[in-house]
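Asker: just coords:
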């Protein structure tokens, strides 16, 4: 694991901006190239916008509309994207996506991030053999000997499932490991695990109208050298419902923003503790639009405040 000092230097080198004083963890940058951020534990750079596979992606995969999702992956890779976030619990997403990236011969271009949880989302105990079986199913889906990232989904039975991921990392069958949650009732537990364990990643919910992560979790991730994947950067459908019938404010053009999707994403990725936001979509044009947020300027503190105030006013 690289030191926090070296990590912050890397952030500046690859376009993440400077870490400011506590309470002002915002980026102020200009870039014509695809923006990337380093994984703190290794320094490997990842594009700041990725692709998720829940919601509409999952529905399309379950309907076996493989051709539509092929177009999504083609557009994603063509735009420089690489981080693909999936999970066994996302219906057919993992299996269908694994088939697609192999058929398109882009396996090596995709940073494959999946999850583990046989304990269920309501708690309960995980069966270690079921957990191993789920992991092996993920390896089968992508068809490669090493998976980039596996995380314990929604902190499911960590005493059973986290050691499995540790052993896989030690064996170099996975490059990185971590934990996720999008449940507020689990945030305190997440913070405790971040302090106790040597995690490479966490996955959390964060959006312009959902900023709880800024209070403790994102600063802690920076302090502990943990990469952050952001889920639900659009608040699932919440933000789309909010802005329906409203135009993107003209002043957003200062940042090269051309759509509400880019407005929401640029806010999220302008926090330098965020490594990558992973919005889900089943439409190629949305992939291209989302990836547009990874180019151009990011808001500074004043602009972030203006953006948030605008959303609050709607």
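Answerer: Yep, that arrived. Keep in mind it's a predicted model, so treat the numbers as computed, not measured.
Asker: buried sites along the lengthiest helix in the chain?
Answerer: If you go by DSSP state H, the chain has its longest helix at helix 128-142. Of the residues in helix 128-142, 131, 134-135, 138-139, 141-142 count as buried by neighbour count, 16 or more other Cβ atoms under 10 Å. The way it works is simple: take the backbone N, C-alpha and C, and place the C-beta from them, glycine included.
Asker: so which of those is the closest to residue 35?
Answerer: Set against residue 35, the nearest of these by Cβ to Cβ is residue 142 (25.9 Å).
Asker: tell me the SS of the nearest residue to that closest one once chain neighbours are set aside?
Answerer: Excluding its sequence neighbours, the residue lying closest to residue 142 (Cβ to Cβ, 6 or more residues apart in numbering) is residue 98, at 4.6 Å. Recorded secondary structure, residue 98: helix (DSSP: H, G, I helix; E, B strand; the rest coil).
Asker: ditto for residue 289
Answerer: Strictly by three-state DSSP, residue 289 counts as helix.
Asker: residues near the residue nearest to residue 142, how many?
Answerer: 24 (other Cβ atoms under 10 Å).
Asker: how about the helices in the protein?
Answerer: Going by DSSP H, the chain shows helices at 4-13, 55-62, 66-78, 93-103, 128-142, 158-170, 187-196, 217-224, 238-243, 260-269, 284-291, 301-313.
Asker: deepest in the core, which of those is it.
Answerer: helix 260-269 (a mean of 25; mean count of other Cβ atoms under 10 Å).
Asker: now for it, which elements pack on it?
Answerer: helix 238-243, strand 276-277, helix 284-291, helix 301-313 (3 or more Cβ pairs under 8 Å, 6 or more residues apart in numbering; DSSP states H and E).
Asker: just checking, residue 221 touches residue 194?
Answerer: Yes: with contacts counted by Cβ atoms under 8 Å, residue 221 reaches residue 194, the gap being 6.9 Å.
Asker: follow-up on the earlier one: in JSON lines, list the helices of the chain along with distance to residue 204 and mean pLDDT.
Answerer: JSON lines is the format used below for the helices of the chain (distance: least, Cβ to Cβ, whole Å; pLDDT from 0 to 100):
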{"stretch": "helix 4-13", "distance to residue 204": "19", "mean pLDDT": "48"}
{"stretch": "helix 55-62", "distance to residue 204": "17", "mean pLDDT": "90"}
{"stretch": "helix 66-78", "distance to residue 204": "22", "mean pLDDT": "96"}
{"stretch": "helix 93-103", "distance to residue 204": "20", "mean pLDDT": "96"}
{"stretch": "helix 128-142", "distance to residue 204": "21", "mean pLDDT": "96"}
{"stretch": "helix 158-170", "distance to residue 204": "16", "mean pLDDT": "97"}
{"stretch": "helix 187-196", "distance to residue 204": "7", "mean pLDDT": "98"}
{"stretch": "helix 217-224", "distance to residue 204": "6", "mean pLDDT": "98"}
{"stretch": "helix 238-243", "distance to residue 204": "16", "mean pLDDT": "98"}
{"stretch": "helix 260-269", "distance to residue 204": "11", "mean pLDDT": "98"}
{"stretch": "helix 284-291", "distance to residue 204": "19", "mean pLDDT": "97"}
{"stretch": "helix 301-313", "distance to residue 204": "18", "mean pLDDT": "98"}
